[in-house]
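Q: Model the following, please.
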Amino acid sequence: MAMQKSPQTVLITGASSGIGQGIAIAFGQQGANVIINYFGDEEGARYTLDQVQKGGGNGIIYQADVSQEDQVIQMFKAAVDEFKTLDVVVNNAGIQKDNEFADMTLEQWNKVISTNLTGYFLCSRESIKLFDQKPATGAEGTARGNILFISSVHDIIPWAGHVNYASSKGGILMLLKSLALEVAPKKIRVNGISPGAIATYINDDVWKDEEKRKELLKLIPYRRIGSPEDVAKVAVWLASEDSDYITGTTIYVDGGMTLYPGFVDNG
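A: Predicted structure coming up:
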């Protein structure tokens with residue numbers, strides 16, 4: 001993958017661990033300026049920043065709850081105050097609060113939707129405001145800004161017991177497409193990545209348990225669990241000039257999980 005002609009400035013939400021952390025580190029290796037958003041894990045955010053700097057990038061950490069409008073606005077202001085501009089915004093912060101549907105509380109529903117979907121709306125809205133202020137160069141292969149939505153295979157795969165989470169991811173898919181359509185004439189690109197099973201702290205009780213891991217692998221035709229780096233490589237490419245003619249697209253980084261694995265042996 002070719003390096004960017006000039007270092008990008010990238011804001012990544014939920015970058016203190018897991019996929020967000022992997023994406024931040026990958027951008028750091030490209031020499032980017034990285035705004036590392038976190039909600040509660042300051043130690044993780046500082047580790048991410050250390051790895052970004054070791055990779056050749058620069059960055060700051062910033063605590064904010066992406067579901068809160070005032071905090072999102074202040075985060076974007078802080079990013080511009082520090083680096084003067086933004087080139088890429090990666091919406092990644094997400095949570096799970098699982099329950100059977102009949103027992104799911106309104107708080108569980110609202111909290112997941114607020115973080116996973118409203119948070120993406122708020123950060124994307126502030127991104128568009130900033131990108132609108134950047135001059136349109138008119139040159140081929142030079143978007144005024146890139147927004148990435150990190151979602152899940154559960155934007156299209158139903159998930160019993162996780163209705164709030166799956167609903168938030170389905171909402172992200174249509175938010176992405178509708179926004180991409182609206183801002184494409186402004187030379188702003190919006191794309192998504194929907195990971196499948198990725199080894200992070202959220203699901204370490206599964207991939208670290210041999211029996212649970214075997215069961216999980218039955219859902220993955222490629223027969224391996226993914227890593228944050230698998231997602232990060234795609235994120236860096238989607239935010240680069242190499243993918244300039246792509247917008248409104250979601251790439252499934254899932255080892256084939258969306259291919260109806262039950263039919264791998266003819267069903």
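Q: Buried residues in stretch 246-258, which are they?
A: Of the residues in stretch 246-258, 247-248, 250-255, 257 count as buried by neighbour count, 16 or more other C-beta atoms under 10 Å. Quick note: C-beta positions are derived from backbone N, CA and C, even for glycine.
Q: Pull up the gap between residue 235 and residue 79, please.
A: To residue 79, residue 235 is 18 Å away according to C-beta to C-beta, to the nearest Å.
Q: now residue 109
A: From residue 109 to residue 79 the distance is 31 Å (C-beta to C-beta).
Q: more crowded one of those two?
A: residue 79 (24 against 17; other C-beta atoms under 10 Å).
Q: ok, that one - contacts?
A: 9, 11, 35, 60, 62, 86 (C-beta atoms under 8 Å, 6 or more residues apart in numbering).
Q: And the third one, what's its pLDDT?
A: Residue 35 is assigned 98 on the pLDDT scale.
Q: same deal with the fifth one?
A: Residue-level confidence at residue 62 comes out at 98, pLDDT.
Q: name the helices or strands packed onto whichever strand or helix holds it?
A: Using DSSP states H and E, residue 62 maps to strand 58-63. The contact analysis (3 or more C-beta pairs under 8 Å, 6 or more residues apart in numbering; DSSP states H and E) places strand 58-63 against strand 33-38, helix 42-54, helix 69-83.
Q: between those, which gets nearest to residue 213?
A: Checking these against residue 213 by C-beta to C-beta gives helix 42-54 as the closest, at 24.1 Å.
Q: Counting by contacts, list what that closest one packs against.
A: Against helix 42-54 (3+ C-beta pairs under 8 Å, 6+ apart) you get helix 18-29, strand 33-38, strand 58-63.
Q: relative to helix 18-29, how tilted is the second one?
A: Between strand 33-38 and helix 18-29, the angle comes out at 160 degrees (axes from the mean of the first three to the mean of the last three C-alpha atoms, to 10 degrees).
Q: Strand 33-38 packs against which elements?
A: strand 9-12, helix 18-29, helix 42-54, strand 58-63, helix 69-83.
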